[in-house]
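1. Quick one, structure for this:
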Amino acid sequence: MAFTIPDDLSPELYPLAWLVGTWRGYGILTYGETVPEQAVYQEMTFDHDGGPYLRQTTTIWTVDATRSQDLDFEMPGLEGASRLTPAQVWSTETTFWRPVGQEMPEAADDGGEAGGGEAGSGGGASSPASKTPITSLELVSADPAGHVGVWEGWIQGPRAQVGTQAVGRTRTAASVTEMSRMFGLVGGELLWTQDMAAFGQAEAQSYASGRLGRVEEAGETDPGAALREAIAADEATRAAEAVAAGGSSAVQDAPPPTDTQSPTTGASV
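-> Numbering: from 1, shown residues only. All right, here's what the predicted structure looks like:
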């Protein structure tokens, strides 16, 4: 389905318009020996209230391996998500994206090389990306684990890259000193990665990645549906087993019907 810019989207957000919506899929979570490599279920929502900023809400779930199917990491995001059953929330975060300026990439020199620097496309003058304005970004993020981040970066066409300028944390939060993220629209899907320096590591290393598909209809299955269904099935099974066990015990423990018992002492009368 072709993407259309929402009518009420602020003009400042047009370069970010392709992000707007809900994305769902799967990915990998790993961080050296601290976080073992594992598949995860992911959802990102980019929405707005008419102001010149986007709100991003990201949630990552661990996976119940006993109720999930094998995952092919080349499959589309929504298909991969449908094979996974979320177990519990690993992390959630809210981030605000604010565009703060725009410039054109540097023109290609006689040798055909673009001089866009870090924010440039790296391609020649004939590259579509080299003709696309570069929009500078400022972001702020917060998570319930006790971290806040101040980010800067850029977006150009279907690519965005941001990195932290400062990371703050509460007294009991895990140490995180640096984070960087890349986002790209590839074949209609949102691909993203995150590197970070944390848990005493001085150098940034890979932490998370994901492949997400756009959720076109609001009625599509929500992330917790599979988990709730599994929990409900388990509870129903345990309840049935408890009833069956209780009924058997009641039959075994029932007193002989020949005597009448006192309601207060239990003695035969």
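2. Quick one: the strands in the stretch 151-269 of the chain, in order.
-> 159-169, 176-186, 189-198, 205-214 (DSSP state E, counting those that start in this stretch).
3. okay, those strands in a markdown table with mean neighbour count, mean pLDDT and distance to Phe73 next?
-> For glycine as for every other residue, the C-beta is placed from the backbone atoms N, C-alpha and C. Converted to a markdown table, the strands of the stretch 151-269 of the chain look like this (neighbours: other Cβ atoms under 10 Å; pLDDT from 0 to 100; distance: least, Cβ to Cβ, whole Å):
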| stretch | mean neighbour count | mean pLDDT | distance to Phe73 |
| --- | --- | --- | --- |
| strand 159-169 | 17 | 98 | 21 |
| strand 176-186 | 17 | 97 | 14 |
| strand 189-198 | 19 | 97 | 12 |
| strand 205-214 | 20 | 97 | 8 |
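4. My guess is Ser175 contacts Ala202. True?
-> No. Using Cβ atoms under 8 Å, Ser175 makes no contact with Ala202, being 10.9 Å away.
5. Give me the more crowded residue out of these two.
-> Using other Cβ atoms under 10 Å as the criterion, Ser175 and Ala202 rank with Ser175 on top: 12 against 7.
6. how about the more buried one, what does it touch?
-> 169, 198-200 (Cβ atoms under 8 Å, 6 or more residues apart in numbering).
7. hang on, the earlier thing: include distance to Ser141 when you put the strands of the stretch 151-269 of the chain into a markdown table, please.
-> Shown next, in a markdown table, are those (distance: least, Cβ to Cβ, whole Å):
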| stretch | distance to Ser141 |
| --- | --- |
| strand 159-169 | 9 |
| strand 176-186 | 9 |
| strand 189-198 | 11 |
| strand 205-214 | 14 |
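8. and of those strands, who's closest to Lys131?
-> strand 159-169 (14.0 Å; Cβ to Cβ).
9. The closest one to strand 176-186, inter-axis angle?
-> Per axes from the mean of the first three to the mean of the last three Cα atoms, to 10 degrees, the angle that strand 159-169 makes with strand 176-186 is 160 degrees.
10. Can you tell me which helices and strands strand 159-169 packs against?
-> Strand 159-169 sits against strand 134-143, strand 147-156, strand 176-186, with contacts defined as 3 or more Cβ pairs under 8 Å, 6 or more residues apart in numbering; DSSP states H and E.
11. List the strands paired with it, with their directions.
-> Next to strand 159-169 in the sheet, as set by DSSP bridges, lie strand 147-156 (antiparallel), strand 176-186 (antiparallel).
12. which residues touch the longest one?
-> This points to strand 176-186. Residues outside strand 176-186 that contact it (Cβ under 8 Å, 6+ apart) are 18-19, 147, 149, 151, 158-164, 167, 169, 190-198, 204.
13. one more time with 6 Å
-> The set of residues external to strand 176-186 that reach it, using Cβ atoms under 6 Å, 6 or more residues apart in numbering, is 18, 147, 158-164, 167, 191-198, 204.
14. Check the gap between Ile155 and Thr135 for me.
-> 5 Å (Cβ to Cβ, to the nearest Å).
15. shared neighbours of these two, anything?
-> Pro15.
16. where does the stretch 1-150 of the chain dip in pLDDT?
-> Counting by pLDDT under 70, the stretch 1-150 of the chain contains low-confidence residues at 1-3, 107-129.
17. Break down it into its helices, ranges please.
-> 77-82 (DSSP state H, counting those that start in this stretch).
18. quick one: which of the strands of the stretch 151-269 of the chain is nearest Val63?
-> Short answer: strand 205-214, nearest of these by Cβ to Cβ, at 13.1 Å.
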